[in-house]
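Asks: Provided below for reference: sequence and predicted model.
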Amino acid sequence: MLKLDGLTRRFGDTLALDGLTFDVHPGRVSGFLGPNGAGKTTTMRAIFGLTDLDAGIVQWNGRPIDLTIRRQFGYMPEERGLYPAMQVQEQVEYFARLLGMGAAPASTAAGRCLERLGISDRATSKVEELSHGNQQRVQLAVALVHEPDLLVLDEPLAGLDPGGVDAISEVLREEARRGCSVLLSSHQLDLVEDLCETVTIIDHGRVVVAGEVDDLTTHGDRRLVVRVEGDRTARWAKQLRGARVSEIDAGAVRLAVDDQTDSDTILDAARTAGRVTEFHFERRRLSEVFREALE
Amino acid sequence: MIALPIAIAVLAVAFILRRSMRGRTGHDPAVRLPHRSGILANTSSTIALVASREISLRLRGRTFRVATGVMLLAIAAVIVIPTLGGSGGAHERVGLTGHGSRAVASAARTTGKQVGATVETINVANASAAESLVRSGDLDLAVVDGRTILVTRTFTSGDRSTKAQLTRALALVIGEQRAFGSADLTPDQIHAISHIQPIPIRGLSSSKSTSSEQSTSAVGLILLFVLLSQYGTWTLIGVMEEKASRVVEVLLAAIRPTQLLAGKVLGIGALAFGQASVLVGFALGLGAAVGSDVLKGTAPTVVVATLGWLVIGYAFYSWVFAAAGSMVERQDQVQALAFPITIPLLAGYISSITAVTSAHASLYVTILAYIPLTAPFGMPVLVALHAVTWWEFLLSVLTSAAATYGMARLAGIVYRRAVLRTGRRVPLREVLAIREPSRSR
């Protein structure tokens, strides 16, 4: 288990991490969310000793992290980094060997890893010749090749097409099933909701919400989805008592409704705006959890 | 000739490292899972991995191969071209007119041998015919009636060409013959006078440097300067590219900054020393094969001192260049940063080459020979000029070694603090000013 305890980091007058504390559990895909500048990248760097800490400690299975422990981790930094002129297979092998694998096992593992990510046909291409999506797969291969116990991935799904998102999501689920602890950051909250079992939301270097995705989305105010034909602004909903507009999604308004409010009054209000074509309750979305946590 | 075995050894190590890095390509069915026991790989194998990547990257790159080829060609040109134009030296055509031309002809051939020229004598009808043949270039020179030598243009006192030497010597020999003839000496007396034996000269202290030591040293200085600045810049750009491509963050998550830096510096250094050894070995070998006198009498102590100081100088400067590389991430920032580092290199080079050409170890050069920044240039010159004792040499080596250790520590700090700060050039002042809070590891 990865334990971050009281991480504090100051850059000049800015407090990037402010006593940040949370755990990452094995066998799970954990989401690590927060607005830009919340401290996600600094936290990830702290796990790998890439930033100095003013206070706090990062532990793995109860021990402070040293180089030997860190070699059981895989890392995909926010700013992707590979040797542009090096061949794909050779590059993955090189990192596997830097992580302590012997020549033959590194070669085998790199080949298997590329196959798993669907890029074994590009093994002898230079990285700079690959598309963005395939470069991202190579970057993930570098993080995965040594079958790490912990995977820390900064925005692993950014810039991928839907097929790429599905493929990489599946690989990350497999890693978690194998027993790996997977920590990933993302701004694509709908994808995180599908992929992650737990999330930690931070802001200004502090945890604001943490828990199981299922718990977080079933708690709090219920969501009432109302679609009024031809109405895309939902002006009728702005003045409702006991319900507020949470999101407007493709013409349907999502209302956060407290327990005391009668849904009939809302239906009546909606009818004044036009023909109601959709009217049902849903769980909170992760994006709503996120937005409400930061309010 | 010490360079050749060293070159072979370095290339062999590079080849083995490269092979071991690429690993076996065949899939071993027995190996299904990565070896966890291998995770505890030690520091030296990590450094060797990084170094072998640096070496194989450059050996495969076209830039290195082309640059080495160009340098080999340049060396071949310098050595081979002077030996062309006739085997065994220059061919001189000497015209002879009038009486006593047989004696002059034999004197001309003998003198020609002494200055290393083959002399062909041609009898010419009269003085005016000789003059026109010299003017047209059919003759290199003409001896008119055993009294005057005709050449197209008289020689300056510094002219060391074969033709000038032949003409001067011939003028003296013919003058002597004329003097002997007019003095009415017996053949025995003439023989005794013309075979003068110089009396021996005994030195009270060890000899000063020979001109060959000086020229070896000068060539060595040029090599030192070119290689130190070239490989230093490679180190700088290598570090900068890893920062620019952001691959350094992935690397530093797996290995220590010192391992990465040491591997880079050693890899490029092994290549630098290997290339220098190949160049020197090629020059010496080719020189011997074609009988060139450019490298005749190459002083072995000067060669060893120069190659030794190439290693020491590289060890020191590579850390400076590596630290500089961690502060920039764009090619256009490289020049501005490399220039101030090149200044001490340039200063050491210019003062040393001045000292070696004037054959005078000035106080200035002597001081430079003990400053680690300029010692790689100053000390080999003092060796060539016999202006240093072994313990003074050792003192300078130890000073440089200590300075290199200090510089490696400093470079490590600068590197670790600067290499992950992207977006703009990191000022040195800021890097050195950052207080160091407790580390997370």
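Replies: Nice, thanks for sending it over.
Asks: quick one: low-confidence parts of the stretch 201-350 of chain B?
Replies: Within the stretch 201-350 of chain B, the stretches with pLDDT under 70 are B:203-212, B:291-299.
Asks: so where do the helices sit in it?
Replies: B:211-244, B:247-254, B:257-290, B:300-325, B:331-358 (DSSP state H, counting those that start in this stretch).
Asks: tabulate those (JSON lines), appending mean neighbour count.
Replies: Glycine gets a C-beta too; all of them are placed from N, C-alpha and C. Shown next, in JSON lines, are those (neighbours: other C-beta atoms under 10 Å in any protein chain shown):
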{"stretch": "helix B:211-244", "mean neighbour count": "21"}
{"stretch": "helix B:247-254", "mean neighbour count": "24"}
{"stretch": "helix B:257-290", "mean neighbour count": "21"}
{"stretch": "helix B:300-325", "mean neighbour count": "23"}
{"stretch": "helix B:331-358", "mean neighbour count": "17"}
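Asks: what's the closest of those helices to residue A:118?
Replies: Minimum separation from residue A:118 across the helices of the stretch 201-350 of chain B (C-beta to C-beta) falls at helix B:247-254, 21.2 Å.
Asks: how far out from the middle of the chain is the closest one?
Replies: Counting by C-alpha atoms, centre = their mean, to the nearest Å, helix B:247-254 is centred 38 Å from the centre of its parent chain.
Asks: hmm, that helix in reach of chain A?
Replies: Yes. Residues of helix B:247-254 are located near chain A by C-beta under 8 Å from any C-beta of the partner chain, namely B:247-254.
Asks: a markdown table for the helices of the stretch 201-350 of chain B, including distance to residue A:175?
Replies: A markdown table is the format used below for the helices of the stretch 201-350 of chain B (distance: least, C-beta to C-beta, whole Å):
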| stretch | distance to residue A:175 |
| --- | --- |
| helix B:211-244 | 27 |
| helix B:247-254 | 17 |
| helix B:257-290 | 27 |
| helix B:300-325 | 35 |
| helix B:331-358 | 38 |
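Asks: report the mean per-residue pLDDT for stretch A:11-31.
Replies: Regarding stretch A:11-31, the rounded mean pLDDT is 92.
Asks: what of stretch B:385-399?
Replies: Stretch B:385-399 carries an average pLDDT of 90.
Asks: what residues of it count as buried?
Replies: B:385-388, B:393, B:396 (16 or more other C-beta atoms under 10 Å in any protein chain shown).
Asks: swap in stretch A:177-191?
Replies: A:180-187, A:189, A:191.
Asks: go ahead and confirm residue B:351 touches residue B:367.
Replies: No. Contact criterion C-beta atoms under 8 Å: residue B:351 and residue B:367 do not qualify, at 9.7 Å.
Asks: point out the other elements, helices or strands, that the helix or strand harbouring residue B:55 touches.
Replies: Assessed by DSSP states H and E, residue B:55 sits inside helix B:43-60. Packed against helix B:43-60, as judged by 3 or more C-beta pairs under 8 Å, 6 or more residues apart in numbering or on different chains; DSSP states H and E, are the following elements: helix A:88-98, helix B:3-22, helix B:257-290.
Asks: quick one: buried residues of the shortest one?
Replies: What that stands for is helix A:88-98. Here helix A:88-98 shows A:88-98 as buried, counting by 16+ other C-beta under 10 Å.
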